[in-house]
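*Asks:* Any chance you can model this:
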Amino acid sequence: MNKLVIDVGGTFIKYAVMDNEANILSKGSVPTPLDTREHFIAALVDLFEAHADQVDGIAMSVPGNIDSATGFVYTPGALSFNYNTPLADDVRNAVFERTGKTIRVSIENDGKAAALAEVWKGNLADCNDGVVIILGTGIGGGIILNRRVVKGKDFFAGELSFLMNDVNVKGFANCFANACSTASLTKKVADQKGLPAEEVDGFKVFELLDAQDEQAHAVFDEVVNGIAGHIYNLTCILNPERILIGGGISKQPRVVEAIREKTNAYYDAMLVPMPRTEVGVCKHFNDSNLIGALYNYQILFENAK
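*Replies:* Here you go, the predicted model:
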């Protein structure tokens with residue numbers, strides 16, 4: 001039967017009714033309640049109740065460090081009320097209390113869900129080992145080894161936002177996300193142009209790039225070079241077959257082209273021949289978390305390979 005698949009973000013909860021092959025039968029979004037956990041869970045149950053005649057389970061993608069085997073959230077990203085909570089159990093129980101239906105609920109980290117989507121039906125489908133880098137407000141990630149997502153001891157593997165740019169400088173100001181995310185790109189361009197931050201989004205940045213704005217190009221080159229440097233480091237650590245770039249900004253072909261060029265420059269600068277990781281783009285863009293969440297459900301409950 002179909003599943004209700006939910007992608008929880010800091011602003012909106014995106015949802016879709018999906019069949020077992022990840023075809024989207026219907027979709028929509030609602031604002032994410034940020035005030036209380038009760039309101040948050042109630043919003044999830046509302047979505048199930050509205051589609052209860054179409055689905056028999058819930059597959060979720062949420063921010064944070066998550067034990068996907070149990071549905072326990074250890075650290076919750078922006079949704080602080082989910083800290084150290086059994087979210088899957090709580091949603092399952094709330095659905096039963098409201099509707100009398102017993103269902104299965106799966107939960108996976110959003111970056112890892114994006115990576116699973118690419119393994120299942122995307123641009124890592126022909127790879128055993130790969131990495132997904134999601135550029136957004138922060139920098140999400142997923143590491144794939146032997147076609148399985150790497151979790152780590154504390155379910156922290158792949159949290160690329162916290163990579164250090166300069167090993168001699170401590171603190172979040174020196175982290176990958178603070179230097180190379182889409183949010184940092186737009187903020188840096190706004191600062192250089194003397195514009196209010198709210199007036200500069202990704203569309204504005206590329207408008208300036210198309211107009212050959214020197215300040216925008218300098219910031220873009222700096223950010224892309226930082227991304228390429230970390231791709232070089234990931235090559236040294238993991239030697240993956242392919243690294244994919246995702247997030248809304250990746251829809252601009254020049255982004256991946258520039259990252260690929262600057263990554264090759266890192267390889268070329270070495271005194272010995274370096275193995276090179278292929279750099280590509282994610283296939284599914286805004287639907288990746290939904291597709292990966294569904295695949296995680298199937299791995300947990302339906303023995304998907």
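*Asks:* For the rest of this, base every contact and every neighbour count on C-alpha atoms.
*Replies:* Will do.
*Asks:* Would you indicate which residues of the helix or strand hosting His230 are buried?
*Replies:* Using DSSP states H and E, His230 maps to helix 214-238. Judged by neighbour count (16 or more other Cα atoms under 10 Å), helix 214-238 contains these buried residues: 215-217, 219-221, 223-232, 234-235.
*Asks:* try stretch 261-276
*Replies:* Buried-residue list, stretch 261-276, by 16+ other Cα under 10 Å: 262-264, 266-267, 276.
*Asks:* Just the C-alphas of the helix or strand just after the helix holding His230, formatted as PDB.
*Replies:* For helix 214-238, the succeeding helix or strand toward the C-terminus, using DSSP H and E, is strand 242-246. Output in PDB follows, covering the C-alpha atoms of strand 242-246 (Å, rounded to 0.1, in the frame of the first residue of the first chain):
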ATOM      1  CA  ARG A 242      31.400   9.900  -7.000                       C
ATOM      2  CA  ILE A 243      30.500  13.000  -5.000                       C
ATOM      3  CA  LEU A 244      27.100  14.600  -5.800                       C
ATOM      4  CA  ILE A 245      26.100  18.300  -5.100                       C
ATOM      5  CA  GLY A 246      22.500  18.900  -4.100                       C
END
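*Asks:* Give the other helices and strands that strand 242-246 contacts.
*Replies:* Where contact means 3 or more Cα pairs under 8 Å, 6 or more residues apart in numbering; DSSP states H and E, strand 242-246 is packed against strand 130-135, strand 278-281.
*Asks:* Sheet partners, orientation included, of the longest one?
*Replies:* If I follow you right, that is strand 130-135. Within its sheet, and counting by DSSP bridges, strand 130-135 is paired with strand 139-145 (antiparallel), strand 242-246 (parallel).
*Asks:* Val17: which of those strands is closest?
*Replies:* With Cα to Cα, the closest approach to Val17 among these belongs to strand 242-246: 23.0 Å.
*Asks:* rewinding a little: which one of the strands paired with strand 130-135 lies nearest to Leu208?
*Replies:* strand 242-246 (21.6 Å).
*Asks:* quick one: contacts of the closest one?
*Replies:* Residues from elsewhere that reach strand 242-246 (Cα atoms under 8 Å, 6 or more residues apart in numbering): 123-124, 127, 129-135, 231, 256, 277-282, 285.
*Asks:* could I get whichever helix or strand comes after that strand in PDB with only the CA atoms?
*Replies:* Using DSSP H and E, the next helix or strand after strand 242-246 towards the C-terminus is helix 253-268. Extracted in PDB, the C-alpha atoms of helix 253-268 (Å, rounded to 0.1, in the frame of the first residue of the first chain):
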ATOM      1  CA  PRO A 253      25.000  24.200 -14.000                       C
ATOM      2  CA  ARG A 254      27.800  26.700 -13.400                       C
ATOM      3  CA  VAL A 255      27.900  25.600  -9.700                       C
ATOM      4  CA  VAL A 256      28.900  22.000 -10.300                       C
ATOM      5  CA  GLU A 257      31.100  23.000 -13.300                       C
ATOM      6  CA  ALA A 258      33.000  25.400 -11.100                       C
ATOM      7  CA  ILE A 259      33.300  23.000  -8.200                       C
ATOM      8  CA  ARG A 260      34.600  20.300 -10.600                       C
ATOM      9  CA  GLU A 261      37.200  22.700 -12.100                       C
ATOM     10  CA  LYS A 262      38.500  23.900  -8.700                       C
ATOM     11  CA  THR A 263      38.600  20.300  -7.300                       C
ATOM     12  CA  ASN A 264      40.800  19.300 -10.300                       C
ATOM     13  CA  ALA A 265      43.100  22.200  -9.500                       C
ATOM     14  CA  TYR A 266      43.600  20.700  -6.000                       C
ATOM     15  CA  TYR A 267      44.500  17.300  -7.500                       C
ATOM     16  CA  ASP A 268      46.800  18.900 -10.100                       C
END
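*Asks:* which helices and strands does the host helix or strand of Ile13 pack with?
*Replies:* Element membership for Ile13, per DSSP H and E: strand 12-18. Under the contact definition 3+ Cα pairs under 8 Å, 6+ apart, strand 12-18 sits against strand 2-8, strand 24-31.
*Asks:* what is the mean pLDDT for the last one?
*Replies:* Pointing back at strand 24-31 there. Strand 24-31 shows a mean pLDDT of 96.
*Asks:* And that strand, what's buried?
*Replies:* Using 16+ other Cα under 10 Å as the test for burial, strand 24-31 gives Ile24.
*Asks:* Tell me the strands beside that strand, with direction?
*Replies:* If you go by DSSP bridges, strand 24-31 pairs up with strand 12-18 (antiparallel).
*Asks:* if we look at the strand it pairs with, which residues are touching it?
*Replies:* Outside strand 12-18, the residues within contact range by Cα under 8 Å, 6+ apart are 2-8, 24-32, 51, 54-55, 290.
*Asks:* any idea of the angle it forms with strand 2-8?
*Replies:* In terms of direction (axes from the mean of the first three to the mean of the last three Cα atoms, to 10 degrees), strand 12-18 departs from strand 2-8 by 160 degrees.
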